[in-house]
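S.K.: quick one, structure for this:
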Amino acid sequence: MSSHSRHRVGELRPTQMIFTFGVGAIVELPYISVMIMGLDDWDDSPQHTREIVEERLLAAVRQRLGPQVEKLLTPPISEESSYRLDPFSEAARVGVPVATFPRWMHCPRCHLLAPVSSGLFQLKVNPYHPERTRYVHVDCTGPREKPLKKKNTTVIPARFVVACADGHIDDFPWVDFVHRGRPCDAPILELIEYGPSGEARDLEVRCITCGASRRMSEAFGAAGQDNMPRCRGRRPHLRDFEERGCQQQVKTLLLGASNLWFPDVLTTLAIPAGVSHLHQLVIDHWDILQHVPNSETLNFMRTIGQLGDLASFEDADIWEAIQQKRERDAQGEDLPTPDLKTPEWELFTHPSSAPETSDLKLREVPVPAGFEDVLERVVLVERLREVRAMIGFTRLDPPGDVLDELEVQQRRMKLTRSSPTWVPGSEVRGEGIFLQFREEAIQRWLSRQAVEQWDDAFFESHVAWRTARYIKEPDGNYPGLRYVLIHSFSHILMRQLALEAGYVAASVRERIYSRNPDENPDFPEPMAGLLIYTAAPDSEGTLGGLVSQGEPDILGQHLRKALTDAGLCASDPLCAEHGPSTDGITLHAAACHACMFAPETSCEQGNRYLDRSVLVATIAHQNLAFFLSPPAS
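M.R.: Predicted coordinates for the structure are as follows:
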């Protein structure tokens, strides 16, 4: 990670560039805060990036961002180890570009509040310890009331920024705020803190020049709606302003607030797409093979050992497969569907026909004893590859709250000033357990009168949630109680595996397959299943530990223990009595941090659409349970 002036200021892992600190996100370093710049400023050269080949994910990205997107690329990284990196070498300049944000700084010694552009602060760079990069107030004399000895004081970023629901973000309008829209000729500001609480009501911004002052509490809540200006449409990560402007009301936020940035990420599992093993290998290595001009080049690659898995095939056969791939792409044939989950469902529900590749290996095992009436199939995924692509980001509300693609598109902030030709991606390998529910058991449960009424209650909560966020057609995209059932089951099993099998909760993820009959005319077959898998960049994701927990006897023990524990919660009776609310604040029933909630990176719905009551009887509801009683061992 390097500053816009090409100074190295810190380090991030490649996977963090997708979920935690992607384009437009603010990274808080020990002394400064920086924003990840847009893709226009990234180094996308082949020397420092690597193309990730996954045609299904690329098709989904193109569907949302346009056909001009050519590829997925990893973030730029130097080949040299960061531990041996010469800070003055050219390799030290390789990284993700950032710029200082917010631009206003606060001196904790003299209380001065001023922008970096004022020239009052000097940047101090430490090439050997880039994380110590900071701005200093040169010759700070301390507070005006009690002058002190001159000293170079490290300043800190101003703790407030403003943002709007359309994804814009800006420095807090300090000058206009303290002067109530009528600035004096030469404003000099200071930020005074009264009391140790740090709350907004104890902070006062004051103009030394004219004496104007204002409490920061007036920038929040109902008062903030009246006192704060309209959004200017600023896009710091693109170094510009929105051409069409923005009429949204800005909201004052603390620097570091969790709702300042939400990534919009598409995720898929790499599944075989080729009609033959050779065809599949050509697809897997297309980032290199697409540049091969003739069969003689293949012979040269073989000589220097660059063919890899393709070395077992003749050059003529490889060249023919390359030409066929080019013809299919040119004619638009065999293009993958942008639907990401249906092909995965087809693969997992027919494991015997799935080919074994370096990225995928399936093994079906018997359903645990006692669960034959509700579970159709258990498949152990001994190898898998998960590929992710970031296509934008939102602020204030995560994209998962806006389920309609049209709404997401309106609120999604762009990664580039023009249409992108590539997007950042990452890939990790892991393993998992796939469970398929019996459709007839799902239908019997859904037809019960009490369950139908509970479904209506969840629908009302769904509408209230979307209405509170000003989403058009608030009654649309309701996933149904089928989804609530599968999602809740997934969470209790994930928690059980984390508690009993020793996994870190954040290293286990879920993928829910839920679709009602005839919900999608193109894919009328219903879906009811889940995949719990590890997909971590470290060794914990690929050691075989999760697959071993899917063997029938062990999995049966986990399922019985998970269902038994789901009947009670440490927060009962409050948790059990919590039904689908219509206040628009929550979108779950009997679920909380003590019983069902999972880390944000593990849950695909942000801990929404959860309810223990649909799984087993609770102290508040006994007539909703899908599992009438945990099967005996």
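
S.K.: what are the ranges of the strands in the stretch 301-450 of the chain?
M.R.: Counting by DSSP state E, counting those that start in this stretch, the stretch 301-450 of the chain has strands at residues 361-365, 375-394, 422-437.

S.K.: can you put these in JSON lines and add mean pLDDT?
M.R.: Listed next are the strands of the stretch 301-450 of the chain as JSON lines, based on pLDDT from 0 to 100:
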{"stretch": "strand 361-365", "mean pLDDT": "93"}
{"stretch": "strand 375-394", "mean pLDDT": "92"}
{"stretch": "strand 422-437", "mean pLDDT": "92"}
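
S.K.: turn those strands into JSON lines, including distance to Arg444.
M.R.: Quick note: C-beta positions are derived from backbone N, CA and C, even for glycine. Shown next, in JSON lines, are these (distance: least, Cβ to Cβ, whole Å):
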{"stretch": "strand 361-365", "distance to Arg444": "25"}
{"stretch": "strand 375-394", "distance to Arg444": "14"}
{"stretch": "strand 422-437", "distance to Arg444": "11"}
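
S.K.: looking at those strands, which is closest to Gly476?
M.R.: Smallest distance to Gly476 across these (Cβ to Cβ): 18.4 Å, for strand 375-394.

S.K.: quick one, what contacts the residue lying closest to Gly579 once chain neighbours are set aside?
M.R.: Of all residues not flanking Gly579 in the chain, Ala589 sits nearest, at 5.3 Å (Cβ to Cβ, 6 or more residues apart in numbering). Taking Cβ atoms under 8 Å, 6 or more residues apart in numbering, we find Ala589 in contact with Phe458, His578, Gly579, Pro580, Leu610, Asp611, Arg612, Ser613.

S.K.: the second one - how many residues pack around it?
M.R.: Okay, so that is His578. 21 (other Cβ atoms under 10 Å).

S.K.: any idea which of the strands of the stretch 301-450 of the chain is most buried?
M.R.: Mean neighbours per residue, mean count of other Cβ atoms under 10 Å, is largest over the strands of the stretch 301-450 of the chain for strand 422-437, with a mean of 24.

S.K.: that one pairs with which strands?
M.R.: Using DSSP bridges, strand 422-437 pairs in its sheet with strand 71-73 (parallel), strand 375-394 (antiparallel), strand 527-535 (antiparallel).

S.K.: which residues of the stretch 151-300 of the chain score low on pLDDT?
M.R.: 196-198, 273-280, 283-284, 286-287 (pLDDT under 70).

S.K.: please enumerate the helices of it.
M.R.: 174-178, 221-227, 277-284, 286-289, 295-303 (DSSP state H, counting those that start in this stretch).

S.K.: re the thing from before, out of the contacts of Ala589, which are inside helices?
M.R.: Members of those lying in helices (criterion: DSSP state H): Phe458.

S.K.: of all the contacts of Ala589, which comes closest to Ser45?
M.R.: The nearest member of those to Ser45, counting by Cβ to Cβ, is Leu610 at 44.8 Å.

S.K.: I'd say the closest one and Phe489 touch.
M.R.: No - counting by Cβ atoms under 8 Å, Leu610 does not reach Phe489; the two are 10.1 Å apart.

S.K.: any idea of the mean pLDDT in stretch 18-38?
M.R.: Averaging pLDDT along stretch 18-38 yields 89.

S.K.: in that stretch, what's buried?
M.R.: Neighbour-count burial for stretch 18-38, with 16 or more other Cβ atoms under 10 Å as criterion, is recorded at 18-19, 21-27, 29, 31-38.
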